[in-house]
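Novice: sequence plus the predicted model coming up.
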Amino acid sequence: MEVSLIVNKHKIVIFQYEPKYAEQTVTMWRASKELAIGQKEIHSYEEHVYFLNHILPKQYRIDLGLLDENVAGMIAYNECEISQLYIHKDYQGMGIGQRLLNKAKALSSGRLSLFTFEINKKAQRFYEKHGFKIVGRGHENEENLPDIHYEWVSD
C-alpha cells in the first residue's frame, strides 16, 4: 500500500522498501545516525547494504518515505517493535517520521517498543511527543552507548 502526501509543495510517497533504493537508504541512514550520535558507523557500507537487504527483512517490514525520488526516511518494524527509524538530515521536521511512525502504529498489535540512544535527545523528544513512555534504560548495542527503552500502547 502506497501513501502520498504533500509537504511544502513536495510530494512524499510512503511505500514498502524495494532493493533498488538500497544505496540511497544506507547513505541516508548512516548520515542521519552519525549526526544523531556523533560517531561513525562501525560497519562497512557493503555490510550495511547486506544487512538492509538480507537480515533486517527477515524480522521487520521496511517502509521508505520518498521525497522527489530521494529517500527521505526509513522505518523497520513488526507488530510489536520498531528496530530502525531514520530521517534524512535535510528533511527532518517535515512530518515524514510521524507518517512512518503512524503507519507502524496502525499495523501494530497495539503496543510497540523501541530503543534509542540516550545521547539522541531529538529522538527522545520525537518519541515522547508521539506517546512513547520510558520503560527502562540500558541495552547492549554495538556502539556501546547507553540506551533508553520506550514503549507505546494504543488508547
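Specialist: Now that the structure is in, tell me what you want to look at.
Novice: going forward, measure contacts between C-alpha atoms and count neighbours the same way
Specialist: OK.
Novice: so what touches the helix or strand hosting Gly97?
Specialist: Take DSSP states H and E as the rule and Gly97 turns out to sit in helix 96-106. For helix 96-106, contacts defined as Cα atoms under 8 Å, 6 or more residues apart in numbering pick out 12, 14, 63-65, 72-75, 77-79, 82, 85-87, 111-112, 130.
Novice: ditto for stretch 32-49
Specialist: The contact list for stretch 32-49 (Cα under 8 Å, 6+ apart) reads 22-23, 26, 30, 86-89, 117, 119-120, 122, 142-143.
Novice: cool, stretch 135-144 as well?
Specialist: Contacting residues not belonging to stretch 135-144 are listed as 42, 115, 146-151 [Cα under 8 Å, 6+ apart].
Novice: tell me, how many residues neighbour Ile87?
Specialist: When neighbours are counted by other Cα atoms under 10 Å, Ile87 registers 26.
Novice: and what of Asn102?
Specialist: For Asn102, the number of neighbouring residues by other Cα under 10 Å comes to 13.
Novice: also Lys89?
Specialist: Residues lying near Lys89 (other Cα under 10 Å) number 16.
Novice: how far away is it from Tyr127?
Specialist: The span separating Lys89 from Tyr127 equals 17 Å under the rule Cα to Cα, to the nearest Å.
Novice: could you do Asn78 as well?
Specialist: Asn78 is 17 Å from Tyr127, where distance means Cα to Cα.
Novice: tell me the buried residues within the contacts of stretch 135-144.
Specialist: Buried subset of the contacts of stretch 135-144 (neighbour count, 16 or more other Cα atoms under 10 Å): 115, 147-151.
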